[in-house]
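[1] here is my input, please return the structure:
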Amino acid sequence: MMCGGPSATKPATAETQEIADKVKSQLEEKENQKFNVFKAVSFKSQVVAGTNFFIKVDVGEDKYVHLRVFQPLPHENKPLTLTSYQTNKEKHEEISYF
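    Numbering: from 1, shown residues only. Got it, this is the predicted structure:
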């Protein structure tokens with residue numbers, strides 16, 4: 001991993017799913033739709049002044065979204081933020097910086 005760059009892609013963990021779940025409502029509001037399926041599949045992380053998580057999420061029917069979620073440093077006591085996302089992704093598509 002290069003300094004400041006995103007990590008290698010890793011399989012999603014329980015923590016990754018928890019992060020995705022916490023920003024699900026933000027995505028649903030932005031996309032004006034509800035997701036019945038919302039399963040984190042894989043992720044990359046990037047340490048900045050906090051952490052960026054790039055998460056591939058299965059939303060059902062062979063559709064995926066890529067989320068960029070910012071987790072502030074603990075002492076800032078701020079919530080997770082969905083900073084960007086990409087829709088209409090496919091299972092084979094690699095998560096890239098966006």
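[2] what segments of this protein are helices?
    Counting by DSSP state H, the chain has helices at residues 14-31.
[3] can you pull out the strands in it?
    10-11, 39-48, 50-60, 63-71, 81-89 (DSSP state E).
[4] pipe those into a markdown table and attach mean neighbour count, mean pLDDT and distance to Lys24 per row.
    The C-beta positions use only the backbone N, C-alpha and C, and glycine is treated the same way. Converted to a markdown table, the strands of the chain look like this (neighbours: other C-beta atoms under 10 Å; pLDDT from 0 to 100; distance: least, C-beta to C-beta, whole Å):
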| stretch | mean neighbour count | mean pLDDT | distance to Lys24 |
| --- | --- | --- | --- |
| strand 10-11 | 10 | 94 | 20 |
| strand 39-48 | 18 | 94 | 10 |
| strand 50-60 | 20 | 95 | 9 |
| strand 63-71 | 20 | 96 | 9 |
| strand 81-89 | 15 | 95 | 9 |
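[5] can I get these in JSON lines with distance to Lys30?
    Output for the strands of the chain, formatted as JSON lines (distance: least, C-beta to C-beta, whole Å):
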{"stretch": "strand 10-11", "distance to Lys30": "26"}
{"stretch": "strand 39-48", "distance to Lys30": "18"}
{"stretch": "strand 50-60", "distance to Lys30": "13"}
{"stretch": "strand 63-71", "distance to Lys30": "11"}
{"stretch": "strand 81-89", "distance to Lys30": "7"}
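[6] quick one: closest of these to Leu27.
    Of all these, strand 81-89 sits nearest to Leu27, with 5.9 Å by C-beta to C-beta.
[7] what's the closest one packed up against?
    helix 14-31, strand 63-71 (3 or more C-beta pairs under 8 Å, 6 or more residues apart in numbering; DSSP states H and E).
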